[in-house]
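Below are the sequence and a predicted model for it; my questions follow.
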Amino acid sequence: MVRLLWPTGVPQDEIDIDATKLPGGKTGNGELALKELDRRGSSCPTLFAWDGKQYRFVSDVIGAAVVGHWVSPTATNQNDPDEWIKVDGEQLRARNGLLSLRFGEPMEEVNYIDQLRLVSVDHPAGTEVYPDERFLSERPFASGKTVAVSDARPVAGAWDDGGHDVRELLADKDHRYVRDFTNLSYAGFANLHTLTLDLGTWSPARPLRLLMDGYIEYFSASSMYAAWQAGMQPIPPRVDVEMPDGSWKRVIRDMGFPAGLPRTIVVDLTGKLPPGARKIRITTNLQIYWDRIRVDNGPDAALDVRQTEVPLAMANLAFRGYPKQIEGSTPGDLTYDYSRISATGPFLWARGVYTRYGDVTPLLEKVDNRYVIFGTGEEIDAEFSAAELPALPAGWTRDYFFYANGFVKDMDYWEEAPFTVGPMPFHAMSRYPYPANEQYPHAPGADRYWLEWNTRYESGNRRQRWEFDYRSAREVPNDKE
């Protein structure tokens, strides 16, 4: 058997190998050609919700919270450590008075989860609600505030980069995507391409918003660095508007994009277009797949929304395994079958100290840098109490917003410290890796947190002995034995 670890961090085992072709074999030339598996090595933690019959996949979460992607020899990415995810009311049903969510790692990352929350969002049946969440490349990040719309309608026209009419493709959320671009050899990158939309007639007296359903095939740390070496920079979606004289004017430098697998983002165009303008053009060089795009120009419906915090009743950390991954006809359009879970998977552990299994509820109640630290195949079973939720008014419906706050670290060669749990990220750090004059905070009780909660050591694939230094929050070699 031959075990490989590719530069992207993807491990691969090859079993049926002709030994004569290996270096030192009795015959042959000692050369063996092996092809790298085309699969993801890492993914954001995923969310499943109990719908009354089964746990159903919702989406991945905190994709923008990844730390330590080297994007050049002198810079790493900016991370956004929290995200709100909409859970449709039909996806989440109470069981024994509890709303049950599973939040786990199906691939190969370290997750540092600081807080989990759930909010019920009640609204008239004729309106839709979404959190203001998008992947933005730099601060200020999306607000997370609730957006309520009441007049969503299809765009009047849509044309891809080649000028083909794609309005029909964007009319319904059906996993038929606009995919007119050419993928480059750097994962997540494509040729520079445009999508032109005709918004139809609209009134400047009311909010103007785009509701955009889609997903992104993420770039990796390796592909980001390789693109930099080739002189290429990621271009997040930018928006230009067609002016009365036929020229185009930039109105949004970075409109954001879905932070992972399929979801809805809201792009606010209010006050950004001149009255009477109809056509906008979205330009990017990223692999973003749009499924449905609608326009809302109705009155602001946020005043008719009622939000109620659903308290976290209990949270338990355990090894769960790997739900079956199902890929659609478009690459990267993933879902998961929670009823089919494997106890093993082709993934590695980062070396270091993780949070012990069992009840972790106290660690998830507030943002305080006291994380639930878990890795591949593990998940948090989070149960929220529905006992105090108010009754729904007649003609209203209920959805939920799930909130996660924390950080994520990939196992990629061009990630900072990719194969160890430490150094620990923290909310006040200026960047990751943080400079020598910054340290993981040692507030009162910090040592107790480490000694009582983080007692599970994983050695990874290294034979050298390591130990955890609690003052620096890093793994260091132990050569005493």
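Thanks, I have it. Numbering: from 1, shown residues only.

Could you check how far the residue positioned nearest the centre of the chain is from Glu128?
For the chain, the residue nearest the mean C-alpha position is Gly63 (2.3 Å; C-alpha atoms, centre = their mean). Using C-beta to C-beta, to the nearest Å, one gets 23 Å for the distance from Gly63 to Glu128. C-beta coordinates here come from the backbone N, C-alpha and C atoms, glycine included.

Looks like Trp453 contacts Arg356 (just checking).
Yes. Taking C-beta atoms under 8 Å as the contact criterion, Trp453 and Arg356 are neighbours in contact, 6.3 Å apart.

Who has more neighbours out of those two?
For Trp453 against Arg356, the residue with the higher neighbour count under other C-beta atoms under 10 Å is Trp453, and the figures read 21 against 15.

which residues touch that one?
Shown here is Trp453, whose contacts under the criterion C-beta atoms under 8 Å, 6 or more residues apart in numbering are 355-356, 360, 363, 370.

so how far is Asp447 from it?
11 Å.

re the thing from before, just the buried residues from the contacts of Trp453, in PyMOL please.
Buried members of these can be picked out in PyMOL with the line below, counting by 16 or more other C-beta atoms under 10 Å:
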select buried, resi 355+360+363+370
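
The contacts of Trp453: which two are farthest apart?
Pairwise distances across those (C-beta to C-beta) peak at 13.3 Å, for the pair Arg356 and Arg370.

close enough to count as contact, Tyr432 and Gly68?
Yes. When contacts are counted by C-beta under 8 Å, Tyr432 is listed as touching Gly68 (4.7 Å).

hey, what's in contact with both of these two?
Taking C-beta under 8 Å, 6+ apart as the contact definition, Tyr432 and Gly68 share the neighbouring residues 76, 416.

Does Asp132 touch Val147 like I think?
Yes. Counting by C-beta under 8 Å, Asp132 sits close enough to Val147 to count as a contact (5.5 Å).

Common neighbours of those two, please.
Counting by C-beta under 8 Å, 6+ apart, the contacts common to Asp132 and Val147 are Val266.

between the two, which one's more packed in?
Remark: of Asp132 and Val147, Val147 carries more neighbours, 22 against 17, as counted by other C-beta under 10 Å.

Pairing partners for the helix or strand where the more buried one lies, with directions?
Using DSSP states H and E, the element containing Val147 is strand 146-149. Strand pairing for strand 146-149, determined by DSSP bridges: strand 128-131 (antiparallel).

Now do the partner strand, average pLDDT.
Predicted confidence along strand 128-131 averages 97 (mean pLDDT).

Can I get that strand as PDB, trimmed to CA atoms?
Extracted as PDB, the C-alpha positions of strand 128-131 are listed here (Å, rounded to 0.1, in the frame of the first residue of the first chain):
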ATOM      1  CA  GLU A 128     -40.200  36.100   3.400                       C
ATOM      2  CA  VAL A 129     -37.400  36.600   5.900                       C
ATOM      3  CA  TYR A 130     -33.700  36.200   5.600                       C
ATOM      4  CA  PRO A 131     -30.600  37.200   7.600                       C
END
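
State whether Ile235 is indeed within a strand.
No. The assignment for Ile235 is coil, going by DSSP: H, G, I helix; E, B strand; the rest coil, so no strand is present there.

show me the contacts for it.
Here Ile235 is in contact with 192, 283-286 (criterion: C-beta under 8 Å, 6+ apart).

Now which of the residues you listed would you call buried?
Among these, those classed as buried by neighbour count (16+ other C-beta under 10 Å) are 283-286.

Looking at those, which is nearest Asn111?
Leu286 (24.2 Å).

so how many other residues sit close to the residue lying closest to Tyr177 once chain neighbours are set aside?
Leaving out its chain neighbours, the residue that sits closest to Tyr177 by C-beta to C-beta, 6 or more residues apart in numbering is Tyr289, at 3.9 Å. By other C-beta under 10 Å, the residues close to Tyr289 number 21.

and Tyr289, what are its bridge partners?
Legend: beta-bridge partners of Tyr289 under DSSP bridges are Tyr215.

In a helix, Ala226, correct?
Yes. Inclusion of Ala226 in a helix is indicated when three-state DSSP is applied.

mind listing what it touches?
Tyr186.

isn't Pro299 right up against Leu208?
No. With contact defined as C-beta under 8 Å, Pro299 does not count as touching Leu208 (11.8 Å).

between those two, which one's more packed in?
Leu208 (19 against 15).

Can you read off the pLDDT for the nearest residue to that one once chain neighbours are set aside?
Excluding the flanking residues, the one nearest Leu208 by C-beta to C-beta, 6+ apart is Leu269, at 4.5 Å. Model confidence at Leu269, given as pLDDT, is 98.

Torsion angles phi and psi at the residue nearest to the centre of the chain?
As for Gly63, its main-chain torsions (degrees, to the nearest 10) stand at phi -60, psi -30.

Go ahead and confirm it touches Arg263.
No. Contact status for Gly63 versus Arg263: not in contact, 9.9 Å apart, counting by C-beta under 8 Å.

in which helix or strand would I find Ile380?
For Ile380, the secondary-structure element it belongs to, assigned by DSSP H and E, is strand 378-385.

Need the residues that contact that strand.
Contacts of strand 378-385 with the rest of the structure, by C-beta under 8 Å, 6+ apart, involve 45, 97-105, 113, 116, 118, 310-320, 354, 360, 364, 372, 374.

Pull out the buried residues from the residues you listed.
When the contacts of strand 378-385 are checked against 16+ other C-beta under 10 Å, the ones flagged as buried are 45, 98-105, 113, 116, 118, 310, 312-313, 315, 317, 320, 354, 360, 364, 372, 374.
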